[in-house]
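[1] Next comes the sequence, and after it the predicted model I'd like to discuss.
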Amino acid sequence: MVPGEKIQLTKEGYENLLKEKEILKKRLMTEIAERIKEARELGDLSENSEYEEAKNEQGKIDSRIKEIDYILDNAEVIDESESNNDEVNLGNTVIVKDLRKNIEETYKIVNSQEADIFSNPKKISSESPLGKSLLKKRIGDRIKFKTPANVERELEILAILKYGGA
């Protein structure tokens, strides 16, 4: 992340980060703090694996909270009222046809912070090979791109839905 750089997020992505931050803060203040307290009560901290494990977990959670704070502080939430479905942009849901497999697939274009290929529709990063290939394209356009596994794919854009999939 580049200092001062605006990070575009969908409204859903912004709200999810807020929720994640609250969950992590509660976990840090309750569960992890309790584990550290219990480990301290076991005696010598220099050879206490429970203490080390809890402190490491505390560090990871604290780092993630700081990362989320940075993202939220630099976030630019996409204005859904300005959305269109003329061309693919961040936040749009895109229906494509894989021309080799002859199947339809649906993707939502999101920031890398929001990417989740297990969601429905799959949320793909605008920075991924597929995401980059889809940006600024229109219905009927065909795109070719290489996957991270170096497989070339060709897709045709069938539909572009506004933010939120509507």
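    Great, that's in hand.
[2] contacts and neighbour counts: CA atoms only from here.
    Noted.
[3] Other residues contacting stretch 39-53?
    Arg35, Ile36 (C-alpha atoms under 8 Å, 6 or more residues apart in numbering).
[4] Quick check on the residue nearest to the spatial centre of the chain: phi, psi?
    Geometric centre of the chain, nearest residue: Glu114, 1.7 Å, by C-alpha atoms, centre = their mean. When read as degrees, to the nearest 10, the backbone of Glu114 gives phi -100, psi -10.
[5] Also Asp62?
    phi -60, psi -40.
[6] which of the residues in the helix or strand bottoming out on mean pLDDT in the chain are buried?
    Lowest on mean pLDDT, DSSP states H and E among the helices and strands of the chain sits helix 33-41, with a mean of 80. Using 16 or more other C-alpha atoms under 10 Å as the test for burial, helix 33-41 gives Ala33, Arg35, Ile36, Ala39.
[7] again, but for stretch 115-134
    Ala115, Pro121, Lys122, Lys123, Ile124, Ser125, Ser126, Ser128, Leu130, Gly131, Ser133, Leu134.
[8] quick one: pLDDT of Ser81?
    For Ser81, the pLDDT comes out at 61.
[9] Glu87 now?
    90.
[10] separation between the nearest residue to it once chain neighbours are set aside and Ser125?
    Leaving aside its chain neighbours, Glu87 sits nearest to Arg138 (4.6 Å; criterion: C-alpha to C-alpha, 6 or more residues apart in numbering). Using C-alpha to C-alpha, to the nearest Å, we find Arg138 at a distance of 18 Å from Ser125.
[11] Next: Asp69.
    20 Å.
[12] Strand partners (parallel or antiparallel) of the top strand by length along the chain?
    In terms of residue count, the longest strand belonging to the chain (DSSP state E) is strand 152-161. Partners of strand 152-161 in the sheet, by DSSP bridges, are strand 93-98 (antiparallel), strand 142-146 (antiparallel).
[13] looking at those, which is buried most?
    strand 93-98 (a mean of 22; mean count of other C-alpha atoms under 10 Å).
[14] Which SSE is immediately downstream of that one?
    Next in sequence after strand 93-98, counting helices and strands by DSSP states H and E, comes strand 103-110.
[15] Other residues contacting that following strand?
    Taking C-alpha under 8 Å, 6+ apart as the rule, strand 103-110 contacts 9-10, 89-98, 121-126, 131.
[16] Quick check: mean pLDDT of it?
    94.
[17] Tell me the gap between the helix or strand just after that strand and the middle of its chain.
    Where DSSP H and E defines the elements, the next helix or strand beyond strand 103-110 is strand 122-125. Chain-centre distance of strand 122-125: 8 Å, with C-alpha atoms, centre = their mean, to the nearest Å.
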